[in-house]
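# need a 3D model of the sequence below.
(one chain, ligands or ions: 1)
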Amino acid sequence: MPAYEMPDMESDEFALWQAFLEKRTGLWLPESRKAFLIAALSRHMKEKGIQNYSELYSKLDAGAISILDWASLVDSLTVHETCYYRDISSLNVVSSYCRNRATERFQAEPEKPQHFQLWSVGCSTGEEAYTLAIEMDKLNIGLNESCGKQVYFGVTGVDISYPSLAVAREGIYASRQLDFVPPVTKNSYFNRLADEYYQIKDNIRQRTCFIQSNVLEMSTKLKQNFDVIYCQNVLIYFRQDKKQAVIEQLTQRLKPGGLLVLGHGELTSVGNELLTRVDNKHCLAFLRKDS
Ligand SMILES: C[S@@+](CC[C@H](N)C(=O)[O-])C[C@H]1O[C@@H](n2cnc3c(N)ncnc32)[C@H](O)[C@@H]1O
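Residues are numbered from 1 along each chain as shown. You can find the predicted model right below:
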C-alpha cells in the first residue's frame, strides 16, 4: 500500500469498527467521523505493515497489539482541542460556588481548615485543570484580604490520552493556548520562555496532578470524592446510554452539596435524582443534593 493511500471502508465494516471501539473504550464514532477513523487506522497500518482493515481488526480483537500501540490508536480517535479560560461562564459558576462555600464554612467553623478538591474530567493537555487551579489561587488571595484565611485545594486532571497528559505534566504552552488569559493573570501565573512559549508557574503545578483513565473506568483508579467536577466537551464521545453512565459515575464521586459542571448544550437531561440544575442560562451545572 503506498504511504498516502487510505483504502475505502464499506458501511458494514465501519459498523464493525464502531461496535468494537465502543465495546473496548466506550467511545462512539458517528458516521460523520468515518474519515477520521480511516485516517487513524491507515496511519497505524502503514506503521505496522498491515495490509487491510480486516487484518488489523483480527490483531486487535485477538489482543495482538502492544499497550502503547493501542493507546496511540485510541489517542488518534479523539480530539484534544482545548485552551486556557475556554468557558468563562462556567468558570464564573465554579469561582462563585467555591467562594460562597468557603465563606459559609469559615463562618460556621472559623478554626477548621477547609479543603476543596476539583476534578477536570477529559483534561486533555491540562489547560482546563490549570485554569481551575489559577481560579482557586485567586479565590485564596481574595479570602486572605477579606478574612485572613485560605483554603487548601487540589485539582486532578484525568484523560484517556497518554500523549496529552505528558504535555499537561510539563505545563509548557504555545502563546495561542493563552489567548483568553487576562494579561494580569498571564503575568502572575506563567513564566515566559523563548519563542512565544509559556510555562505554568510551580505554585500552580504543585496543586495539580494528572491521571490516565477512561472516564468509564474511573472507579478503579480514583477513590476520593470532589467538591467540583468539571467535565466539558467529553460527553460528545458517548451515546446516550453511556452518557448517562458517565453522569452516574461523576455523581457518585461528587461530595454532598458538590458542583457538577458540564459543557453547555452537551446534554438535555441528566436523569439523576441526586442532581438539581443550577439556575444559570449560560452554563450547564448541577448541585448534588445534601444527604
Ligand atoms: C475536546 S477535549 C476537551 C478538553 C477540555 N475538557 C476542554 O473542554 O477544553 C476532549 C478530551 O476528552 C478526552 N476523552 C475522550 N474520551 C474519554 C474517555 N472515555 N475517558 C477519558 N478522557 C476521554 C480526550 O482524550 C480529549 O483530551
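
# can you report phi and psi for L193?
Here is the backbone geometry of L193 (degrees, to the nearest 10): phi -100, psi -170.

# next, the buried residues of stretch 71-91.
71-78, 82-87, 90-91 (16 or more other C-beta atoms under 10 Å). Bear in mind the C-beta positions are built from the backbone N, C-alpha and C, glycine included.

# ok, now stretch 206-213?
Neighbour-count burial for stretch 206-213 [16+ other C-beta under 10 Å]: 207-208, 210, 213.

# thinking again about what came up before, let me know the closest of the buried residues of stretch 71-91 to V181.
Y84 (4.8 Å; C-beta to C-beta).

# and what about the closest one, helix, strand or coil?
Three-state call for Y84 (DSSP: H, G, I helix; E, B strand; the rest coil): coil.

# do the same with W119
Secondary structure, three-state DSSP: W119 is strand.

# what does the one 5 residues further on give?
Classification of S124 into helix, strand or coil gives coil, according to three-state DSSP.

# double-check M9 against Y53; I have them as touching.
Yes. Counting by C-beta atoms under 8 Å, Y53 is a contact partner of M9 at 6.3 Å.

# what do the two both touch?
Jointly contacting M9 and Y53 under the rule C-beta atoms under 8 Å, 6 or more residues apart in numbering are W17.

# okay, the two: which has more neighbours?
Using other C-beta atoms under 10 Å as the criterion, M9 and Y53 rank with Y53 on top: 21 against 18.

# pLDDT wise, what is the more buried one at?
On pLDDT, Y53 comes in at 92.

# ditto for L139
On pLDDT, L139 comes in at 97.

# that one: which element?
helix 127-147 (DSSP states H and E).

# elements contacting that helix?
helix 88-108, strand 115-121, strand 152-159, helix 183-189, helix 202-205, strand 208-212, strand 226-231 (3 or more C-beta pairs under 8 Å, 6 or more residues apart in numbering; DSSP states H and E).

# just name the most buried of these.
Highest mean neighbour count of these: strand 226-231, a mean of 25 (counted as mean count of other C-beta atoms under 10 Å).

# who does that strand pair up with?
Neighbouring strands of strand 226-231 in its sheet, by DSSP bridges, are strand 115-121 (parallel), strand 254-262 (parallel).

# now that strand, how far from the centre of its chain.
Chain-centre distance of strand 226-231: 11 Å, with C-alpha atoms, centre = their mean, to the nearest Å.

# how about residues contacting that strand?
When contacts are defined by C-beta under 8 Å, 6+ apart, strand 226-231 is touched by residues 90, 94, 97-98, 101, 116-122, 128, 132, 156, 215, 246, 250, 253-255, 258-263.

# who are the contact partners of L165?
Contact analysis of L165 by C-beta under 8 Å, 6+ apart lists 123, 126, 157, 159, 210-212.

# what about the worst-scoring helix or strand of the chain on mean pLDDT, near the ligand?
Between all helices and strands in the chain, the lowest mean by mean pLDDT, DSSP states H and E belongs to helix 67-76, at a mean of 85. No. Applying C-beta under 6 Å from any ligand atom, one finds helix 67-76 separated from the ligand by no less than 6.9 Å.

# among the contacts of strand 226-231, which ones lie close to the ligand?
Applying C-beta under 6 Å from any ligand atom to the contacts of strand 226-231, one finds that 122, 128, 215 fall near the ligand.

# burial count for the first one?
In this case it means G122. By other C-beta under 10 Å, 25 other residues sit near G122.

# next: D8.
A count of neighbours around D8, defined by other C-beta under 10 Å, yields 8.

# mind checking the SS state of it?
Following three-state DSSP, we place D8 in the coil state.

# show me which residues of this protein sit near the ligand.
Counting by C-beta under 6 Å from any ligand atom, the residues of the chain lying close to the ligand are 26-27, 78-82, 86, 122, 124, 128, 159-161, 164, 214-216, 232-234, 237.

# ramachandran angles for I172?
Dihedral pair for I172: phi -110, psi 130, per degrees, to the nearest 10.

# dump the buried residues of stretch 206-213 to a markdown table, plus pLDDT and distance to L178.
Below are those laid out as a markdown table (pLDDT from 0 to 100; distance: C-beta to C-beta, whole Å):
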| residue | pLDDT | distance to L178 |
| --- | --- | --- |
| R207 | 98 | 19 |
| T208 | 98 | 16 |
| F210 | 97 | 19 |
| S213 | 92 | 27 |
